[in-house]
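Participant: A structural model of the following input is requested.
(2 chains, ligands or ions: 1)
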Amino acid sequence: MNRINKLFKEKTDNILSIYFTAGYPSLNDTEKIIKTLDECGVDLIEIGMPFSDPIADGPVIQDSSNIAIDNGMNLNVLFNQLYGIRKITNIPIVLMGYINPVYQFGYEKFINRMMECDLDGLILPDLPLDDYKSNFKSIFDKENLSFISLITPNTSNDRIKKIDENSNGFIYMVSSSSITGKKSTFSRDQIQYFNRINNLNLKNPKLIGFGISDKLSFENACDYANGAIIGTSFIKNLSNINIKDSIKNFIANIRSL
Amino acid sequence: MKYNVNSSGFYGDFGGAYIPEMLFSNIDELNKNYLSIVEEDSFKKEFNYYLKKYVGRPTPLYYANRLSEKYGSKIYLKREDLCHTGAHKINNTIGQILLAKELKKTKIIAETGAGQHGVATATVCALMGMECVIYMGEIDIERQRPNVERMRILGADVRPATSGSKTLKDATNEAMRHWINNPDDTHYIIGSVVGPHPYPDMVARFQSVISEELLVQLNKVEGRDYPDFIIACVGGGSNAAGIFYHYLDNSKVKLVGVEAAGLGISTNKSAATTKLGKKGVLHGSKTLLMQDENGQVTEPYSISAGLDYPGIGPLHAHLSDSNRGIYISVEDDEAMNAGIELSRLEGIIPAIETAHAFSVFDKIDMKNKVVVINLSGRGDKDLETYIKWGKY
Ligand SMILES: Cc1ncc(COP(=O)(O)O)c(C=O)c1O
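Facilitator: Alright, predicted model coming up:
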């Protein structure tokens, strides 16, 4: 069983997943950020692979991506940083990004490096299902890696079932029709959407992402899913000066009683 | 239909729909409906009505006497510059806004580079009474001022794209983000044969009126419905796709696409995608793409805002890859000189995009051949750039 499946087996609610952009604020912060998140009791980490043209992201993730790229982040550097990460943490780690850098790196080489670093899953929102099936699925199944897909309020039930069938790990429920970084308190429509999904009896657990920014929105999301993902708001709170403390304070705030 | 799109949205290896789930329902809706809508008689009738009465089609096929004399070829100009709003772009916006109406959309968004597509979109939105938001790179807003004001006069909300290179690529990113945030009531009118399937095919179909007319017009003057060469500038490639369309499978016709080399293909200041690009994914399709070794998209450069794009439509990637098309690139200065030459020889000041298509005579041997050049747009919007360049 991979670490993601294990996590959801052992814990069914209040799962906190944090997204950050690799190479931001500084090129070599990756290990420090992972280690601190683990120490703070975060359940799952999504590492963003920066891309020059992130069409599903708002200004905060766009800026962090540009800075990361300028800092020299690329997939080679990232995998070198993550090589040996399992000596310091056992937290489930998912890579998330856009298809083009992965395509240039080479799918096969990419998957090999993922396994070499003992990572757990992948989110590539602009990879079509058919491409996933022909290029990733057999090896992901064989090596027990998770492929995580997004669904939105506009995804039809039939398509959700197909996505559920082809993914493993969890379903990434995009909270509303929006890019990342838009704040939301849940509307009636959104709650209806969450309930609709929950009534589909999917095989995968669900995390809600996009627009989750603080303790309140995190807890709200946890009412409708196994947990939630925070990205933009986490990145905004990363301090260049004292990165560890800024992470600790942020997570403590989310998790406070 | 060897070179046209296949049923899964690919041109050879290129095309497809590489989109995040947030755009899936919109693209799926288009995909399921566009063919049946555009092939309906009532749609065709309305489309043709507006092309004729509003745009002013058919556009003339004009024999360029002095240009022909100078270069020893029979050169015809397909006068898309005489379309209402001054470029071929409106063929597509008329088609797409009628489609948007069929899909019950009430709001329109678009990206624009040179502003020609923005103006053509703002125009049809005024015509149909739809709300219109246009994204335009901050740099392009500066260098295509007159078009910005035209869009505003037409009632469009012009929003600057301030990320990245602040040009066409970034305006496209912003338009896609806007669409993700407003998926239900909004149609995105993409301005070229780029983007996820079915856009490249849809835009090519609307622009194919150019080659449809050309078949008839050439037949009248040459006694045969095809030329030896067709030449068009390529930004995303919509005017080229439109004039190539009915000749794709006619191997007697050499199809020539002209890209912007900017300051030169070895200078880092270029937009010559077929020379500098590799296979990659941007804005929803797999195509040739200018990028670094890590798959980050490179910032393109051209003096012409409409060609300043790091990719090309998947149709052109396929035509180039399969050698069906000849793709060449010309530098800023060559294009500007060609623009001045056309002005002096034929009394037509072309758009700077278009001027690129007129700088090929010393690059391809076309002596005594029948050549059709797509005069995709007029130069009114570019006066400031001509003046700044100054060598006339
Ligand atoms: C007059 C003119 N020609 C050509 C282009 C390039 O676009 P495409 O390659 O899609 O025809 C533009 C774009 O703005 C234009 O304004």
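
Participant: Quick one: residues contacting B:Ile243.
Facilitator: With contacts defined as Cβ atoms under 8 Å, 6 or more residues apart in numbering or on different chains, the neighbours of B:Ile243 are B:78, B:207, B:210-211, B:214, B:230, B:232, B:372, B:374. C-beta: built from backbone N, CA, C; applies to glycine.

Participant: helix or strand right after the helix or strand containing it?
Facilitator: For B:Ile243, the element it lies in under DSSP states H and E is helix B:238-244. Going down the chain from helix B:238-244, the next helix or strand is strand B:254-262, by DSSP H and E.

Participant: Excluding sequence neighbours, find me the nearest residue to A:Ile160.
Facilitator: A:Ile151 (5.3 Å; Cβ to Cβ, 6 or more residues apart in numbering or on different chains).

Participant: Does the residue in chain A that the ligand sits nearest to belong to a helix, a strand or coil?
Facilitator: Nearest residue of chain A to the ligand: A:Asp53, at 18.8 Å (Cβ to the nearest ligand atom). Counting by DSSP: H, G, I helix; E, B strand; the rest coil, the backbone at A:Asp53 sits in coil.

Participant: wait, what's in contact with it?
Facilitator: Counting by Cβ under 8 Å, 6+ apart, A:Asp53 makes contact with A:98, B:164, B:169, B:173, B:282-283, B:297.

Participant: And for the lowest-mean-pLDDT helix or strand in chain B, what's in contact with it?
Facilitator: The weakest-scoring helix or strand in chain B, judged by mean pLDDT, DSSP states H and E, is helix B:138-143 (a mean of 91). Helix B:138-143 is contacted from outside by B:112-115, B:148, B:158, B:160-162, B:165-168, B:171, B:305, B:308, B:384-385, using Cβ under 8 Å, 6+ apart.

Participant: And stretch A:19-33, by the same measure?
Facilitator: Here stretch A:19-33 has contacts from A:45-50, A:61, A:64-65, A:67-69, A:71-73, A:77-78, A:81-82, A:85, A:88, A:96, A:209, A:229-231, A:234-235, A:238, A:240, A:243-244, A:247, using Cβ under 8 Å, 6+ apart.

Participant: Pull up the distance across stretch B:191-205, start to finish.
Facilitator: Stretch B:191-205 has an end-to-end distance of 13 Å (Cα to Cα, to the nearest Å).

Participant: Over to stretch A:125-140?
Facilitator: Stretch A:125-140 end-to-end distance (Cα to Cα) = 16 Å.

Participant: For whatever residue of the stretch 101-250 of chain B ends up closest to chain A, which non-adjacent residue is spatially closest?
Facilitator: The nearest approach of the stretch 101-250 of chain B to chain A comes at B:Met176, 4.5 Å away (Cβ to the nearest Cβ). Closest residue in space to B:Met176, ignoring its immediate chain neighbours: A:Ile55 at 4.5 Å, by Cβ to Cβ, 6+ apart.

Participant: circling back: per-residue confidence averaged over the helix holding B:Ile243?
Facilitator: For helix B:238-244, the mean per-residue pLDDT is 98.

Participant: Now for the closest residue to B:Gly9 other than its chain neighbours, how many residues are close by?
Facilitator: Using Cβ to Cβ, 6+ apart and skipping the chain neighbours, the partner closest in space to B:Gly9 is B:His197 (2.9 Å). As a burial measure, B:His197 scores 24 neighbours (other Cβ atoms under 10 Å in any protein chain shown).

Participant: Then A:Tyr24?
Facilitator: Per other Cβ under 10 Å, the neighbour tally for A:Tyr24 reads 26.

Participant: Got the confidence number for it?
Facilitator: pLDDT recorded at A:Tyr24 is 98.

Participant: So B:Ala261 is in contact with B:Thr273, correct?
Facilitator: No: contact criterion Cβ atoms under 8 Å: B:Ala261 and B:Thr273 do not qualify, at 10.5 Å.

Participant: follow-up on the earlier one: downstream of the least confident helix or strand of chain B, the next helix or strand is which one?
Facilitator: Downstream of helix B:138-143, the first helix or strand assigned by DSSP H and E is helix B:145-153.

Participant: Right, I'll call it a day here.
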